[in-house]
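Novice: got a sequence here, can you build the structure:
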Amino acid sequence: MSSTKKILSAVISLTAAAAVITAVRYAVSDKNAEYTFSGFYFDTAVTCKTVSSDGSLSESCKSIVSELDKIASAYDENSAVYKIDHGEKFSPEKYPDIGNMLNGYKSFEEKFGEGITPFCGSLTLLWNISSDAPYVPTETEISAALENVNSSVDYDGAIPEGSLLDLGAGAKGYACDRLLEAALSDEKADEIIFSTGSSSLMWSREGRDFTAAVVDPINGGTALEFPCGSSFISTAGGYERYFEDNGRKYTHIMDIRTGYPAETDIASATVILPCESGSGLVSDLLSTLIYIGGTENAEHYAEICGESFEDYGIITIDNSGNVTSYGSVDIVK
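Specialist: Residues are numbered from 1 along each chain as shown. Next comes the predicted model:
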């Protein structure tokens, strides 16, 4: 009998987040205050703490997160992705956020190569790992699903015929991008700390430093900590969501080359990009691509990052617990 095990773990551990929030609290001026909301969005626990002279930024962030959650779900009958996958004609004018994400996927592929596609819904829905009823398909079913997976992000304003959308690899990172836009456009905003199950945003208008932590994907708890400035941080790992069938573990991260959940020697991959030049969508997609590609390809992706971003960090933890870092990240624990 299959059993589904879901683990909701944030890139920032609870201990580290508390330390960061305390540091912010002591820095709040008489004119500013903290505002917080939390909830269950993108199939995970989400928290958002803002520092501002009023609560308008917090309300805007909550509205953005709620809106994107309703748009991106492939399982909610009322979501845009569900409607498009079930026959509604897609229009980037009607669904600008989806259009922006698809353009982002395309730009990402041009820089980092193939391996992540939003046009893989036929495969992810077949396995159904993010639901309460995951399923191990037959080889025939997998082959049929792969025929409708567009491995290249061939997007020109229309979805390739026969392909189904699945934006799960980038939706949380894109949400971080939208929240940063909201903070930057609000003159009253001072700081924002936003954390989902795999992607986070830490931003300070005054350039304050933060401390972030990576969850131990093998033993639980905190594996390591590192300081960072205003950053997008994303972690991908098979420990977050998976199910077991006949003694075999199947993770939620799919390898579109094989049609099966990714088999990799990486337990988790974390990407840190600066808010000034990076994006949440890129950090989200890249952490997944590194996880799928394994340790042998991590350095290649790090080299591309080095050519694209002045300041970046990549941290991998392999299945034996060995930690490898690339870029300028300074692990302190």
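Novice: number of residues surrounding the residue lying closest to residue 92 once chain neighbours are set aside?
Specialist: In space, residue 92 comes closest to residue 99 once its chain neighbours are excluded; the distance is 3.0 Å by C-beta to C-beta, 6 or more residues apart in numbering. No exception for glycine: its C-beta is placed from N, CA and C like everyone else's. Using other C-beta atoms under 10 Å, the number of residues around residue 99 comes to 16.
Novice: again, but for residue 63
Specialist: As a burial measure, residue 63 scores 11 neighbours (other C-beta under 10 Å).
Novice: now the strand or helix carrying it: buried residues?
Specialist: Assigned by DSSP states H and E, residue 63 belongs to helix 56-72. Neighbour-count burial for helix 56-72, with 16 or more other C-beta atoms under 10 Å as criterion, is recorded at 57-58, 60-62, 64-65, 68-69, 71-72.
Novice: residues in contact with stretch 128-144?
Specialist: Stretch 128-144 is touched from outside by 2, 4, 43, 74-75, 123-124, 126-127, 145, 168, 241-243, 245, 250-252, 259-261, with contacts defined as C-beta atoms under 8 Å, 6 or more residues apart in numbering.
Novice: at 6 Å instead, please
Specialist: Stretch 128-144 is contacted from outside by 4, 126, 243, 245, 252, 259, using C-beta atoms under 6 Å, 6 or more residues apart in numbering.
Novice: state the mean pLDDT of that stretch.
Specialist: Averaged across stretch 128-144, pLDDT comes to 92.
Novice: again, but for stretch 288-308
Specialist: For stretch 288-308, the mean per-residue pLDDT is 97.
Novice: cool, stretch 95-111 as well?
Specialist: The average pLDDT for stretch 95-111 rounds to 97.
Novice: likewise for stretch 204-222?
Specialist: For stretch 204-222, mean pLDDT rounds to 94.
Novice: and residue 226, its phi and psi?
Specialist: Backbone torsions for residue 226, taken as degrees, to the nearest 10, come to phi -150, psi 150.
Novice: tell me the contacts of it?
Specialist: Contacts for residue 226 (C-beta under 6 Å, 6+ apart) come out as 212, 329-331.
Novice: shaky segments in this protein?
Specialist: Applying pLDDT under 70 to the chain picks out residues 1-31.
Novice: mind listing what the residue most central in space within it touches?
Specialist: In the chain, the C-alpha nearest the mean C-alpha coordinate belongs to residue 284, at 3.8 Å (C-alpha atoms, centre = their mean). Contact analysis of residue 284 by C-beta under 6 Å, 6+ apart lists 170, 172-173, 199, 234.
Novice: pretty sure it sits in a helix.
Specialist: Yes: with DSSP: H, G, I helix; E, B strand; the rest coil as the criterion, residue 284 is part of a helix.
Novice: name the residues of stretch 303-315 that are buried.
Specialist: Within stretch 303-315, the residues scored as buried using 16+ other C-beta under 10 Å are 305, 309, 311-315.
Novice: in CSV: the residues you listed, plus secondary structure.
Specialist: Converted to CSV, the buried residues of stretch 303-315 look like this (three-state DSSP):
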residue, secondary structure
305, helix
309, coil
311, coil
312, coil
313, strand
314, strand
315, strand
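Novice: can you redo those residues as TSV with distance to residue 135?
Specialist: TSV is the format used below for the buried residues of stretch 303-315 (distance: C-beta to C-beta, whole Å):
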residue	distance to residue 135
305	36
309	39
311	43
312	38
313	37
314	33
315	33
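Novice: ok, the residues you listed vs residue 188, which is closest?
Specialist: Taking C-beta to C-beta as the measure, residue 188 lies nearest residue 311 of the buried residues of stretch 303-315, at 27.4 Å.
Novice: check contacts around the closest one.
Specialist: Applying C-beta under 6 Å, 6+ apart to residue 311 gives the contacts 274, 328.
Novice: ok, residue 278 - contacts?
Specialist: By C-beta under 6 Å, 6+ apart, the contact list for residue 278 reads 232, 309.
Novice: just the residues contacting stretch 77-86, thanks.
Specialist: By C-beta under 6 Å, 6+ apart, the list of residues contacting stretch 77-86 reads 70-74, 76, 90, 95, 121, 164-165.
Novice: returning to that earlier point: among the contacts of residue 284, which are in helices?
Specialist: Those of the contacts of residue 284 mapping onto helices are 172-173, per DSSP state H.
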